[in-house]
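> next input, structure requested:
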Amino acid sequence: MLHVASLDLVVAGDVIYNDVHQFLREAQGDGINAWLRAIDAVESLRPRLVVAGHKNKVLDDDARRTIRETREYLTTAATMLAEQTTALDFFNAMLQRFPDRLNPGALWGGATALYA
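Prediction:
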């Protein structure tokens, strides 16, 4: 990530997503927790704007919203990983919870890797 303090801006790369299904391929083991720690690092900078590496271009770059939503997606994924037994069940549960996010193909790619 790149922090531009004078602009209250973080260019977050793959740490923060903006209304796009997150690619969870590396979420096994401590992957989700590591990602959550990276989100905490972004949040600790107190940016006003976060440019996400993957975003819905019609939405703004509001830091509070994008940080909150990215964290919520990951914590929901962690819960669903513990509850669902197949890639398809996980995929469907996440789609039900986040039906309007862009790029469900990323979600499916992560699901098939996590349940391989």
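
> show me where the protein has helices.
Remark: helices assigned in the chain by DSSP state H are 31-44, 63-83, 87-97, 104-114.

> and the ones you listed as CSV, adding mean pLDDT, distance to V4 and mean neighbour count?
For the C-beta atoms, the positions are set from N, CA and C on the backbone; glycine is no exception. Formatted as CSV, the helices of the chain follow (pLDDT from 0 to 100; distance: least, C-beta to C-beta, whole Å; neighbours: other C-beta atoms under 10 Å):
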stretch, mean pLDDT, distance to V4, mean neighbour count
helix 31-44, 97, 13, 15
helix 63-83, 97, 12, 17
helix 87-97, 98, 33, 17
helix 104-114, 97, 27, 18
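
> which of those sits closest to Q22?
Across those, Q22 has its closest neighbour in helix 63-83 (5.5 Å, C-beta to C-beta).

> so which residue is smack in the middle of the chain?
Among the residues of the chain, the one closest to the centroid is T70, at 4.0 Å (C-alpha atoms, centre = their mean).

> which one, of the helices of the chain, ends up nearest to A52?
That would be helix 63-83 among these, by C-beta to C-beta, at 5.8 Å.

> what packs against that closest one?
strand 9-18, helix 31-44, strand 49-55, helix 87-97 (3 or more C-beta pairs under 8 Å, 6 or more residues apart in numbering; DSSP states H and E).

> circling back to that earlier point, and the helices of the chain as a markdown table, adding distance to Y17?
Listed next are the helices of the chain as a markdown table, based on distance: least, C-beta to C-beta, whole Å:
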| stretch | distance to Y17 |
| --- | --- |
| helix 31-44 | 10 |
| helix 63-83 | 5 |
| helix 87-97 | 13 |
| helix 104-114 | 9 |
